[in-house]
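> return atomic coordinates for the entry below.
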Amino acid sequence: MLKYTAFLLATGLLVSQLQRAEAQSNPVKPLQQFNGDTVAYLKENFIQNKQQYIHNKLDSLLKNLGIPVISYDYHIQFSDHRYSAGISFSFYSGNQFTIMAAAQKQLVITVLWDIPVLMDSAIFFGEKSNSSWLKGDRDYYKNKTIKDILLSYHPFPKQTVPLYPYQPTLPDVNVDSAGNVTLKTKDK
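I've put the predicted structure just below:
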């Protein structure tokens, strides 16, 4: 009986520790805690805690997002127009988008890639879905690695800083016949 009680106590302690570890690994606070303020929700959960997502796949951010992405836009790499440096997500649609944009409160999350995406691929998926965030778009982008996450107004008011506070640099890359981009390795 004593062994059974010790086993139950140990199991309960283990389950408690696993639940605590899971809660710490996903520190996203629900939108309800922000009284529906999407901007505050995005800032606290994804900008202030962006280190949790940097150098991880986009899918990790998408799984924690908690609000639906309505549309997206890709961004041309400044130094080489053959590549897309990142992608911006919008969470508003129709009249809500127009009202928020007019009030200059329409914020988008922008994700910059570790390895830029070929513009041909970005254009293909953007045109195919008319920039609506659909399953095909998610499937294409979900395994891309995040370099940085930014929050920006859209459309960009004249007095705001540019979308990119720094100019992303294009690393040396190889492009295979399927259009996959990989980092070049330095041979000694």
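> which residue ranges of this protein form helices?
Listed in chain order, the helices found in the chain under DSSP state H are 2-25, 38-42, 58-64, 94-102, 119-128, 135-141.
> which strands and helices sit next to the fifth one?
I take that to be helix 119-128. If you count contacts as 3 or more CB pairs under 8 Å, 6 or more residues apart in numbering; DSSP states H and E, helix 119-128 packs onto strand 71-76, strand 83-90, helix 135-141. Glycine gets a C-beta too; all of them are placed from N, C-alpha and C.
> what residues sit buried inside that helix?
Buried residues in helix 119-128, counted by 16 or more other CB atoms under 10 Å: M119, S121, A122, F125, G126.
> ok, the second one to Q51 distance?
Between S121 and Q51 the distance, using CB to CB, to the nearest Å, works out to 28 Å.
> the first one too?
Here the criterion is CB to CB. By it, M119 lies 29 Å from Q51.
> repeat for Q33
To Q51, Q33 is 21 Å away according to CB to CB.
> can you tell me how far the nearest residue to K142 once chain neighbours are set aside is from E44?
Closest residue in space to K142, ignoring its immediate chain neighbours: D59 at 4.0 Å, by CB to CB, 6 or more residues apart in numbering. Noted for D59: a distance of 21 Å to E44, by CB to CB.
> now F78
From F78 over to E44 the distance is 30 Å, taken as CB to CB.
> now D137
D137 is 26 Å from E44, by CB to CB.
> looking at these two, which one has more neighbours?
Neighbours of D137 and E44, each counted by other CB atoms under 10 Å, are more numerous for D137; the result is 19 against 16.
> and the helices and strands packed on helix 119-128: which comes nearest W113?
strand 83-90 (5.7 Å; CB to CB).
> could I get the CA-only coordinates of that closest one as PDB?
C-alpha atoms of strand 83-90 as PDB (Å, rounded to 0.1, in the frame of the first residue of the first chain):
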ATOM      1  CA  TYR A  83      14.600  37.500 -53.400                       C
ATOM      2  CA  SER A  84      11.900  38.200 -50.800                       C
ATOM      3  CA  ALA A  85      13.300  39.200 -47.400                       C
ATOM      4  CA  GLY A  86      10.100  38.600 -45.500                       C
ATOM      5  CA  ILE A  87       6.400  38.500 -45.200                       C
ATOM      6  CA  SER A  88       3.700  40.600 -43.500                       C
ATOM      7  CA  PHE A  89       0.500  39.300 -42.000                       C
ATOM      8  CA  SER A  90      -2.700  41.300 -41.700                       C
END
